[in-house]
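S.K.: Just to be clear, the model below is a prediction. Sequence and coordinates:
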Amino acid sequence: MNRIKAFLKDYYLFLMAAILLLGAWEWLVDSGRLPSFILPSPYGILLSLFENKDILLLHTWATFKETVLGFVIAAVAGVSLAVAMFFFKSVQRTVYPAVLISQTIPIIALSPIFVLWFGYSIWSKVAVTVLIAFFPIVVSTYDGLNHHDRDYVDLLRSMGARRWHIFKKVQLPMSLPSFFSGIKLAAVFSVVGATIGEWLGASEGLGYYSRRMSGSLNAEGVFSAIFLLSLLGMCFFGAAALAEKRMFSWKEIRKDVQHEKMDKTQ
């Protein structure tokens, strides 16, 4: 109950604006001032969601699988590459420019190549998702590892600490805020990547469903898919934000316990 009150306190302006916007939107469509084939009413979209809930659930599950697979692969590969670039400057000089160049190529131009390589299987969509989610994780993790407090590093070095020990005790913990920023961005981008892959070549998924509805001029169907994609993106972002919150709350608890132990020994 307290969490709900805190949420309402923080976001009541957004909720009020959303209610007003939805009310105005519904009125414009119902009054005929805005054609429903251009912008369907919120009620029409909601009705489409309920009428097609079974097929939409199947397409949502397909997009969910592609997003999770792509995100996990991008996270593992991105963190591994960032750590490798941090430890070995030769890797950074060789690979980092290639990573930057890969982001200058429009993702929509690469998607047909993935379809050519992997066909219409799930892996063509996963490949697009990995490519679009990989970059923010690599950059944020690498930048986080490089921006640490030099005083702590110098202190540990003066005590004879090895590089791995310094990495584990100082550089890795201090990189976590930057790392989670990249993770939250990648969580949202993963849904976008899966949708782009489905638009260009798929037999299932919300991107495929919205393209099919667009072809049949079913505006309610298109917007119902957009609504579910937005909901999916918010869920992934929320999961990443929750993981970040749990991680830092655990660190604070551990720090308090350590301080208590030190006080008792004194």
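M.R.: Yes, it's here.

S.K.: The strand or helix carrying Pro112: what's the following helix or strand?
M.R.: Pro112 is located in helix 107-118, with elements delineated by DSSP states H and E. Note on helix 107-118: by DSSP H and E, the next helix or strand toward the C-terminus is helix 122-146.

S.K.: Would you mind listing the buried residues in the helix or strand just after that following helix?
M.R.: Downstream of helix 122-146, the first helix or strand assigned by DSSP H and E is helix 150-158. Within helix 150-158, the residues scored as buried using 16 or more other C-beta atoms under 10 Å are Val153, Leu156. To be clear about C-beta, it is placed using only N, CA and C from the backbone, and glycine gets the same treatment.

S.K.: Check the protein and tell me which residue is nearest its centre.
M.R.: Closest to where the C-alpha atoms of the chain average out (C-alpha atoms, centre = their mean) is Ala187, at 1.1 Å.

S.K.: need the contact list for that one.
M.R.: Phe71, Ala133, Gly233, Phe236, Phe237, Ala239, Ala240 (C-beta atoms under 8 Å, 6 or more residues apart in numbering).

S.K.: now Glu198
M.R.: Contacts of Glu198 by C-beta under 8 Å, 6+ apart are Ala62, Thr63, Glu66, Lys125, Glu204, Gly205, Leu206, Gly207, Tyr208, Arg211.

S.K.: Could you rerun that using 6 Å?
M.R.: Contacts for Glu198 were tallied using C-beta atoms under 6 Å, 6 or more residues apart in numbering; they are Lys125, Gly205, Gly207, Tyr208.

S.K.: May I see the residues you listed organised as a markdown table, with pLDDT and secondary structure added?
M.R.: Listed next are the contacts of Glu198 as a markdown table, based on pLDDT from 0 to 100; DSSP: H, G, I helix; E, B strand; the rest coil:
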| residue | pLDDT | secondary structure |
| --- | --- | --- |
| Lys125 | 92 | helix |
| Gly205 | 92 | coil |
| Gly207 | 92 | helix |
| Tyr208 | 92 | helix |
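
S.K.: most neighbours, which of those residues?
M.R.: Neighbour counts for the contacts of Glu198 (other C-beta atoms under 10 Å) peak at Lys125, which has 35 neighbours.

S.K.: how close does the closest residue to that residue other than its chain neighbours get to Phe114?
M.R.: Excluding the flanking residues, the one nearest Lys125 by C-beta to C-beta, 6 or more residues apart in numbering is Gly197, at 3.4 Å. Using C-beta to C-beta, to the nearest Å, we find Gly197 at a distance of 7 Å from Phe114.

S.K.: Could you check which of those two is surrounded by more residues?
M.R.: Using other C-beta under 10 Å, the more surrounded residue of Gly197 and Phe114 is Gly197, with 32 against 21.

S.K.: pretty sure the more buried one is in contact with Val126, am I right?
M.R.: No. Counting by C-beta atoms under 6 Å, Val126 is not a contact partner of Gly197; they are 7.7 Å apart.

S.K.: And the contacts of the least confident helix or strand in the chain by mean pLDDT?
M.R.: The weakest-scoring helix or strand in the chain, judged by mean pLDDT, DSSP states H and E, is helix 150-158 (a mean of 73). Applying C-beta under 6 Å, 6+ apart, the external contacts of helix 150-158 come out as Ile166, Val170.

S.K.: any idea which element the residue nearest to the centre of the chain lies in?
M.R.: Under the criterion of DSSP H and E, Ala187 resides in helix 172-200.

S.K.: buried ones in that helix?
M.R.: Quick answer for helix 172-200 (16+ other C-beta under 10 Å): 172, 174-176, 178-200.

S.K.: quick one on the thing from earlier: mind checking which of the contacts of Ala187 are buried?
M.R.: Phe71, Ala133, Gly233, Phe236, Phe237, Ala240.

S.K.: out of those, who's nearest Leu39?
M.R.: Gly233 (20.9 Å; C-beta to C-beta).

S.K.: which residues does that closest one contact?
M.R.: Residues near Gly233 by C-beta under 6 Å, 6+ apart: Val188, Val191.
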